[in-house]
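Student: Below are the sequence and a predicted model for it; my questions follow.
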Amino acid sequence: MKAFKVKRLYDGNLGAYFDNCVVVINGEHVEEILSLNEFETYKIYNNVDLLDYSQYYMMPGLIDCHVHLMIPGNNTLGEYIANEWSDGEINIMAYRNAMEALRNGVTSMRDCGSINYAAINVRKAIANQNIIGPDILSCGAPLTCTGGHCHYMGGEADGPWEIRKKIRQQQKAGADFVKLMGTYGGTIGITKTLTFSDEELMAAVDEAHLRELKIAVHSCTFEMTDKLSKIGVDTIEHAVMCPSDCSKNILDEETANRMASKNIYATYTICCVKGEISRLEKLINSNLATESDKKAYESNVNYDNLINESFIFQMERNVPYVIGTDAGWRAADFKSSFYDNIYVMEKDGAKSIDLIHASTLRGAKALGIDSKTGSIEKSKYADILLLKKDPADSLAEAIKKPDVVIKKGNFVVEKALNLTLNY
Ligand SMILES: [Zn+2]
């Protein structure tokens, strides 16, 4: 057993912290959380190695509720990967991305769409080959209409029965939840419409819940976000509140209040167009931008403002938000995306103490994995970060470069005591 003496523990519950305590880990799990005095007695009867992190803050590992492991996040299009890469290359990319996120503190993640079951393959390899990696939840392919958003991922289905069958096929292949594209999105060349009729949408929600799967629905319009708040899905992805012409947000109190009262979690993927904005900005500043680049710049800046406004409006009405980075998509990489999202959310007025909870236990609840992870409590997985800076002052600053990352009791990163890692 290993014992960690820490300056302060944030256990993942909203606002909860404990000063000068010792967290004991036994194998993969948290064994005890003790005061310094209690530990003095405990160590007489138990064989434990005490590690002195008394200058460090401890919190649970981060949970990213929206990633795409099949895409590198360096502006390569998913369409290109789907056409040009072999399944083997995609699986290796997916594992590399998962590890990059883990080294930066993300100990659990939910893949919201990959092709040929790449995320499920990585999840299985980590479990079956007993290799270190984050916990991964995967939808397999996201459901979309023929020619709809992310159609190249293999989830096309039309009509209630095709949708039900597609959900059953994904579950058979190992999917942990259902992801459905409710509206258009960033896929090249698709029309700006809703993806499914109400009949199809209701069939998907019904089928997912019949099969005890959670359903996450992508929404880039107010119309869909409002509809989903009435139907009652498990998570709304992006949760934007503008019409499809992106003119301005429809900041409807009832929609946000409904999301809050029904406990519908929202992920805002708040940095998903920031990379594109900075790429276009560089072109404009060096006089290399075409007219269409300039137009694209303006529409991306506008969309970025709309996402931030939607987030602030919903947060202020107590919508339970969690963190979803869209890592993989466009320029959202697996190294800094979590930090980038928290940085922007803090600037938007989110409190660090709430962001700690949203990044950990609330995220775990949204994904239905809170009995195993998301907080540092007895018998949960030892998914842990140790940080030099106090995350309650600024979570972004604290997690920018985590000093120690522990996944199921194994050190993945250890820059505090310079321990030798055995993997
Ligand atoms: Zn996405």
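Tutor: Ah, there it is.
Student: Not counting its neighbours along the chain, what's nearest Tyr339?
Tutor: Lys400 (5.3 Å; Cβ to Cβ, 6 or more residues apart in numbering). Just so you know, the C-beta spots here come from the backbone N, C-alpha and C atoms, and that holds for glycine as well.
Student: Surely the one you found is in contact with Asp340?
Tutor: No - counting by Cβ atoms under 8 Å, Lys400 stays clear of Asp340, with 10.0 Å between them.
Student: The residue nearest to Tyr339: how many residues sit nearby?
Tutor: Around Lys400 there are 17 other residues, counting by other Cβ atoms under 10 Å.
Student: Contacts only, for whichever residue of the stretch 201-350 of the chain sits closest to the ion.
Tutor: Closest approach between the stretch 201-350 of the chain and the ion, counting by Cβ to the ion: Asp326, at 4.6 Å. When contacts are counted by Cβ atoms under 8 Å, 6 or more residues apart in numbering, Asp326 touches 66-68, 112, 269, 271-272, 332, 337.
Student: Can you give me the neighbour number for the closest residue to Ser278 other than its chain neighbours?
Tutor: The spatial neighbour of Ser278 that comes closest, neighbours along the chain excluded (Cβ to Cβ, 6+ apart), is Ala331 at 7.6 Å. When neighbours are defined as other Cβ under 10 Å, Ala331 has 18 of them.
Student: SS state for Ala331?
Tutor: Following DSSP: H, G, I helix; E, B strand; the rest coil, Ala331 is assigned to coil.
Student: tell me the contacts of it?
Tutor: Ala331 neighbours (Cβ under 8 Å, 6+ apart): 73-75, 274-276, 278-279.
Student: Pull out the buried members of these.
Tutor: Neighbour counting with 16 or more other Cβ atoms under 10 Å marks 73, 274-276, 279 as buried within the contacts of Ala331.
Student: re earlier: intersect the contacts of Asp326 with the contacts of the ion.
Tutor: Restricting the contacts of Asp326 to those within reach of the ion (Cβ under 5 Å from the ion) leaves Cys112.
Student: Could you find the lowest-pLDDT member of the contacts of Asp326?
Tutor: Least confident entry in those, by pLDDT: Cys272, with 87.
Student: what's near enough to touch that one?
Tutor: Taking Cβ under 8 Å, 6+ apart, one finds 186, 238, 307, 326, 329-330, 332 in contact with Cys272.
Student: got it, and Glu237?
Tutor: Per Cβ under 8 Å, 6+ apart, neighbours of Glu237: 66, 112, 179, 216-219, 266-267, 269, 324.
Student: ok, 7 Å please
Tutor: Residues in contact with Glu237 (Cβ atoms under 7 Å, 6 or more residues apart in numbering) are 66, 112, 216-219, 267, 269, 324.
Student: residues from the stretch 201-350 of the chain in reach of the ion?
Tutor: Checking the stretch 201-350 of the chain against the ion by Cβ under 5 Å from the ion, the hits are Asp326.
Student: hmm, try it at 8 Å
Tutor: 218, 237-238, 269, 272, 324, 326, 328-329 (Cβ under 8 Å from the ion).
Student: Packing partners of the longest helix along the chain?
Tutor: When the chain is scanned for its longest helix (criterion: DSSP state H), the result is helix 291-316. With contacts taken as 3 or more Cβ pairs under 7 Å, 6 or more residues apart in numbering; DSSP states H and E, helix 291-316 sits against helix 253-261, helix 274-285, strand 321-322.
Student: Could you look over the ones you listed and pick the most buried one?
Tutor: The highest average neighbour count among those, using mean count of other Cβ atoms under 10 Å, belongs to strand 321-322 at a mean of 26.
Student: Give me the contact list for it.
Tutor: Contacts to strand 321-322, defined as Cβ under 7 Å, 6+ apart, come from residues 65, 265-268, 311, 314-315, 358, 362-363, 366.
Student: want to try CSV for those, with neighbour count, secondary structure and pLDDT as columns?
Tutor: As requested, the contacts of strand 321-322 are arranged in CSV below (neighbours: other Cβ atoms under 10 Å; DSSP: H, G, I helix; E, B strand; the rest coil; pLDDT from 0 to 100):
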residue, neighbour count, secondary structure, pLDDT
Cys65, 28, strand, 98
Tyr265, 25, strand, 98
Ala266, 27, strand, 98
Thr267, 28, strand, 97
Tyr268, 30, coil, 95
Phe311, 26, helix, 98
Gln314, 24, helix, 98
Met315, 22, helix, 98
Ala358, 26, helix, 98
Arg362, 26, helix, 98
Gly363, 30, helix, 98
Ala366, 28, helix, 98
